[in-house]
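*Asks:* predicted model and sequence follow; I will ask about them next.
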Amino acid sequence: MSKQVLFLILLNILCFETYAQKGLNNLSINGEATLPYFQNDQGMGFFLKGLYGIGRNGQLILSAGISRFNSNTSKETNITTRVIPFLLGYKRNFQKFFIESKIGIGELGGKISKAGDLQRPSIAAVFGGLAAGYTIKRFNFGINFLTAHGIENTSAGVWYNKNFHYTSVFVGYDLFAKSNH
């Protein structure tokens, strides 16, 4: 009899309905443009972000994108910088306001034109950044800071130990949004 009671108690514990944390999953596309006040390099880019909801206010982020920047250092030299980061991050939502932190790896490259000569160097880089913004229905607006640091050895030439960072404003649109229960 005690085995049957123990079995019923165990069955009740296992069948007890638990409430998992509710999260929001979505896919977002973002366009960004640099703020001229914060740097000399002017550019724009696009990012695709997948967000997986954890809890009521948090989301894990997986994003990839491409951005290009033009810089005229002198009349003879024209530099176009390209960044292609693959980032992991965390987004914390405070009702309509949000903060994101991200880190990843990718490419730091571009094109250097100097006195008729053209170079196209490209190196691996570590990326890190922060973003803050505001959500209105499916649209996201905010400011983004991203930095890249080249991680290749001296054979990378002019891009060896190169640092590049930029500040931008972005507009995003959530393509799909699904709550997971």
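*Replies:* Nice, I can see it.

*Asks:* ok, now which ones touch G31?
*Replies:* For G31, the contact set (C-beta atoms under 8 Å, 6 or more residues apart in numbering) comprises 44-46, 170-172. The C-beta positions use only the backbone N, C-alpha and C, and glycine is treated the same way.

*Asks:* mind redoing it with 10 Å?
*Replies:* Listed by C-beta atoms under 10 Å, 6 or more residues apart in numbering, the contact set of G31 reads 44-47, 65, 168-173.

*Asks:* what's opposite it in the beta bridge?
*Replies:* Taking DSSP bridges, one obtains F46, V171 as the residues bridged to G31.

*Asks:* what stretches of this structure score poorly on pLDDT?
*Replies:* Applying pLDDT under 70 to the chain picks out residues 1-22, 38, 40, 72-75, 154-160, 177-181.

*Asks:* okay, strands next: where are they in it?
*Replies:* Using DSSP state E, the strands found in the chain span residues 23-34, 42-54, 58-71, 77-94, 97-114, 117-119, 122-136, 139-150, 163-180.

*Asks:* now the second one and strand 97-114, what's the angle there?
*Replies:* When axes from the mean of the first three to the mean of the last three C-alpha atoms, to 10 degrees is applied, the directions of strand 42-54 and strand 97-114 differ by 140 degrees.

*Asks:* just the last one next, same as before
*Replies:* For strand 163-180 against strand 97-114, the angle by the same axes, to 10 degrees is 140 degrees.

*Asks:* do the third one as well
*Replies:* Strand 58-71 and strand 97-114 meet at an angle of 30 degrees, taking the same axes, to 10 degrees as the criterion.

*Asks:* same check on the first one?
*Replies:* Going by the same axes, to 10 degrees, strand 23-34 is angled at 40 degrees with respect to strand 97-114.

*Asks:* can you list the buried residues in strand 23-34?
*Replies:* For strand 23-34, the neighbour count (16 or more other C-beta atoms under 10 Å) marks 23-26, 28, 30, 32, 34 as buried.
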